[in-house]
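**Q** Build me a model:
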Amino acid sequence: MRPVLLTMQAFGPYAGREVVDFRAAIDAGLFGIYGQTGSGKSMIFTAMTFALFGDVAKAGQAGANLRSDHTSPDLPTEVSFLFDLGERRYLIRRKPEQTRPKQRGEGVTLMKAEAWLFDATGQSVEDIQADRPGKVLAEKKLGEVRDAVADLLGYGLEQFKRIVLLPQSQFEAFLTANTPDRVKILRDLFDVSLYRRLKDKLKADASDAERRVREEREIQARRLTDAGFDTVEALTEGIATKAEAFDALRAQEAQRQTEAVAARKTLEQAQALEALFKNAAETETALNGLLAQSPAIDALDQRIQRAERAKAVVDLETALIAAQKDLAKAMENRTQATKAVQTAVEKTARAKTHWEEEEAQSDALEALRAEVTNLVRHGETLEQAEGLAATLKGAQATARKAKAALETIEKKRAEALKKQTLYDEALAEARRTESARQTLSLQRQTLEADAKAGEVRQQAEADLAKSKAEVTRLQGQKDRAAAQLDEARKALSQAEAALTQAKAWHLASDLSPGTPCPVCGSVEHPAPATEGPEETGLAEALENARAVLEDRQTKDNRAAQALARAEATLEERTTRLDRLDPPSRPLAETSAALDRCRAEIEALGPARDIPKGETELAKVTQSIKTLETQRETARDALSRAERETDAAAARHEQAISSVPEALRDRPTLEKWLDERTEALKAWDTRLAKRKKALEDAEKALGTAQGKEDTAAQMLADRRDRQDKAWNAFTERLADSGLDDAGFQALKPAIDTLEADRTKVTKHREDLTIARTRLDDIRDALGDKARPDLPACQAEAAAAEQALTEATNGRATAASALGQMERLKTSLEDSLRQLAEEETRTGPLRELATLCDAGNDKKLDLETFAIGAMFDQVLASANLRMGPMTSHRYTLEREEEEGKRGRRGLGIQVLDIHTGKARPTATLSGGETFIAALALALGLADVVESASGKVRLDTIFIDEGFGSLDTENGTGTLDQVLRVLNDLVGRNRAVGLISHVPLVREAIPNGFHVHKTLGGSQVQARGFD
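**A** Sure, this is the predicted structure:
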């Protein structure tokens, strides 16, 4: 990652908006971040950390400490960070949770934390603006933004704080720590949780494999016992006995099957003969019913013959009825046409009268047209005069503006004269107030410094007391967790013993002299268990005891970890308090004096800007002179405007003199014109309407007369057609031998003619079929007797019941035999699979033992991984430590005392001057810093090489250089800087965060942080 631009607003010690441009620093390769202690150097890295991950670089910087104490309430705290990854460029913006003044009313409102991540690849720094930040990758949701940043970088917050900002304090602590503390520090620096999880998983998998085999064997034993057998051999003998019984039941079922088939056949024959007897009786009954219907059927046949003759007359009757209807309609049409002619004659007469009335008023119409023409001409005159009216209005408006301008200038001049007097008095008072303010401000600065030191020490004492109480509380919690763990272990032992005793008693209850023991195989049982508890619930109690033990073990581990963290915090706070100087006087006295000083300063009111007051006074004096000049100019402008107004009024009056006085108002004239124009238009419309009405009436009269002639002709045609239809109908009726009454009586029979004919035919066919069927049945029966059907049914049912019982017995035996055979096959398969499972999981169990310290060196996998990774860090660190110590020192891992060949996690220094290794605690302060720096750089190299995704283009080294300026001419600082320059030469930029003057002199390129009363400021220097 290469930082490009960091912008901090109201952040930490930075009250305003500070922009740190890293481009020149990255190009220089090696640069510094300098400033006094507490000025805010490390806060620059904290701002980058907060922008990327929403967290801080150091403990104690979270929460309200991110908000500047010097900024105004309405300026929000915000950080934006522009950085490059390879060829890509990204921008991230983040705001912490903060309060701001309410827009309405008093008080504050809480603003939630927000974050945005943009892809700005291809955009220059200058092109990236608030409205052009790039493509949105994630926004608003803090978790999504944090995860997206971690995915881009290839590491998270903790790794960022360890490999980008090299934590010198942690590495120096590592050099001097004891072995347990070294392990904790390495676990913090290296993420070896993968190996711990792998070891735990292997151990759990191996344990699961053993448990599965053990439980499966118990299950198979219970299955055999539930079936009533002690061994698989006994099961085999039982299967043979069951097979013999099954064969006998199967032979019995076959005999019952033969008997049931014979009884079923006898029943079927009896049922068939009984059906013939029933069919004969039913057929004879049906024949008698058909014979009884024959007289009615013969009468229906005669009616059908008469209806067929009447059917021949129906079509002519229909034609006659249609002709009669047409004649009636023609007569109605003739009547309607005659009425229409009369109506048309009347409308024509009325239309002609209206037209003649309109023609009589032609003179009044022409007079109205002339009046409209005159009004239009007057309107054109007024329109021509509107330009002169506009000129008049403009002149009047100019005159009013000139008058208003003169009045405004007069008012401003009076106000300026008054302000001049006030400024003279205020300037004299400001000079007296600011003199007193300077004296009080110097006193306040001194008191604030003393109060801040007192507050820091007071807070440190409070933190120390809190840590002591926390250690005491956690120690008690740890003791209680240890006691509960011991109780859980005892409970597990008791549960295991109870279950073992129950199983032993269960096995002993089945032992008898000469019978092999299912556990050891012995036929002698000298002292079998005679009594014991019930096994029910003991296995579940054992599992519950194990679960409780695991839970208590976890709680004990957590309590130990919490206690260790609290003890480390207590040690750190004790050291911090020891480093603080005691105040010169009690904090209460200092605070009281500071409050009095602040009250006196506040009583003076806001600061007075004397130069500004002098400038304002000069401006007022000059403005008075300017206003007097403007006053004379305004007077001349007003006089000219009044003359132009009089001339414009005279020209407008002359232009409208030809228009009557009543019509000079344009709206009035337009109203008159609109009224006359509408009246003329209405008159013309009415005249055209009268003329068209006359033409339409005359046309309608001709149309009505034509329709009347057509209706008369149609009436004559329809009367002739009706006469012809009547003659044809009467002739056909006579030919059929029917009169009108007989024809009308037979018309209902015509509608049912086909149905009646079908009914007669069907009756005669059914009668023939019934006679034939009855004869056939009587021939089939002959002289046979009717069977005893209930007796045959009883015999068949008894045979079926006997067969069912035999079948059920055979099926039950077959099911039992099948279950025994399946049980034998399943047991053999399960035992074979268990043997294969034990063979297959053997390597897993062996590997789990090796990874859980079950090896020659007694190392678990996590410890081994820490050591392997630390070997790489030491190798990389020695590449830096050699040049920085003139190749005198080399770091190496030391062998553990009393454990030949086993290297632990301790570090020793090989001194080539003596040829011997010695503890790191014997190094001087400068040498300790060099060793810690070498370790930190080695860690950065290992992390970058181990991950193809992580790019450490820029790293920061925080403090520690102060120990190098006391080496009395040995050139240690120069050697360290040469190594860092060499590191820069390998495409990596290095930023040094330091307050040491020698470092600033050696590396002038960088950023200087200045601490002022109003907040810190960042200034770039040396990039020419």
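
**Q** Let me know the average pLDDT across stretch 936-944.
**A** Per-region confidence: stretch 936-944 scores 72 on mean pLDDT.

**Q** meant to ask about stretch 744-763
**A** Average pLDDT, stretch 744-763: 81.

**Q** Stretch 48-66 now?
**A** Averaging pLDDT along stretch 48-66 gives 72.

**Q** Now Val4: closest residue in space that isn't a chain neighbour?
**A** Of all residues not flanking Val4 in the chain, Leu82 sits nearest, at 4.3 Å (CB to CB, 6 or more residues apart in numbering). For the C-beta atoms, the positions are set from N, CA and C on the backbone; glycine is no exception.

**Q** Could you export the helix or strand that neighbour falls within as PDB, keeping only the C-alpha atoms?
**A** In the assignment (DSSP states H and E), Leu82 maps to strand 78-85. What follows is strand 78-85 as a C-alpha-only set of coordinates in PDB (Å, rounded to 0.1, in the frame of the first residue of the first chain):
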ATOM      1  CA  GLU A  78     -13.900  13.400   9.400                       C
ATOM      2  CA  VAL A  79     -11.000  11.500   7.800                       C
ATOM      3  CA  SER A  80     -10.400  10.700   4.100                       C
ATOM      4  CA  PHE A  81      -7.500   8.600   2.800                       C
ATOM      5  CA  LEU A  82      -6.300   8.200  -0.800                       C
ATOM      6  CA  PHE A  83      -4.000   5.300  -1.400                       C
ATOM      7  CA  ASP A  84      -2.600   3.100  -4.200                       C
ATOM      8  CA  LEU A  85      -2.400  -0.700  -4.400                       C
END
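
**Q** now for that strand, which elements pack on it?
**A** Under the contact definition 3 or more CB pairs under 8 Å, 6 or more residues apart in numbering; DSSP states H and E, strand 78-85 sits against strand 2-11, helix 41-53, strand 88-95.

**Q** what's the closest of these to Ser924?
**A** Proximity to Ser924 (CB to CB) singles out helix 41-53 among the helices and strands packed on strand 78-85, at 25.5 Å.

**Q** Can you show me the helices along the stretch 801-950 of the chain?
**A** Under the criterion DSSP state H, counting those that start in this stretch, the stretch 801-950 of the chain contains helices at 842-851, 861-884, 925-946.

**Q** Tabulate these in CSV, adding columns for mean neighbour count and distance to Tyr155.
**A** Below are those laid out as CSV (neighbours: other CB atoms under 10 Å; distance: least, CB to CB, whole Å):
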stretch, mean neighbour count, distance to Tyr155
helix 842-851, 16, 27
helix 861-884, 19, 15
helix 925-946, 22, 8
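
**Q** With distance to Lys762 as added columns, please give these in CSV.
**A** Below are those laid out as CSV (distance: least, CB to CB, whole Å):
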stretch, distance to Lys762
helix 842-851, 92
helix 861-884, 102
helix 925-946, 104
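
**Q** Glu567: which of these is closest?
**A** Ranking the helices of the stretch 801-950 of the chain by distance to Glu567, with CB to CB as the measure, places helix 861-884 first at 21.8 Å.

**Q** Give me the angle between the closest one and helix 925-946.
**A** 120 degrees (axes from the mean of the first three to the mean of the last three CA atoms, to 10 degrees).

**Q** thought Thr77 was touching His70?
**A** No. With contact defined as CB atoms under 8 Å, Thr77 does not count as touching His70 (11.8 Å).

**Q** hmm, back to that, lowest average pLDDT across the helices of the stretch 801-950 of the chain?
**A** Among the helices of the stretch 801-950 of the chain, helix 925-946 has the lowest mean pLDDT, at a mean of 74.

**Q** packing partners for that one?
**A** With contacts defined as 3+ CB pairs under 8 Å, 6+ apart, helix 925-946 has these neighbours: helix 157-163, strand 165-166, helix 168-176, helix 861-884, strand 889-895, strand 954-958, helix 972-984.

**Q** Count residues in the vicinity of Gln103, would you?
**A** Neighbour count of Gln103, defined by other CB atoms under 10 Å: 7.

**Q** hang on, the earlier thing: output the helices and strands packed on strand 78-85 in JSON lines; the columns should cover mean neighbour count and distance to Asp852.
**A** Formatted as JSON lines, the helices and strands packed on strand 78-85 follow (neighbours: other CB under 10 Å; distance: least, CB to CB, whole Å):
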{"stretch": "strand 2-11", "mean neighbour count": "22", "distance to Asp852": "44"}
{"stretch": "helix 41-53", "mean neighbour count": "25", "distance to Asp852": "35"}
{"stretch": "strand 88-95", "mean neighbour count": "21", "distance to Asp852": "44"}
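
**Q** Is it possible to get JSON lines of these that adds distance to Val345?
**A** What follows is the helices and strands packed on strand 78-85, written out as JSON lines (distance: least, CB to CB, whole Å):
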{"stretch": "strand 2-11", "distance to Val345": "101"}
{"stretch": "helix 41-53", "distance to Val345": "103"}
{"stretch": "strand 88-95", "distance to Val345": "96"}
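
**Q** These: lowest mean pLDDT?
**A** Mean pLDDT per stretch puts helix 41-53 lowest among the helices and strands packed on strand 78-85, at a mean of 89.
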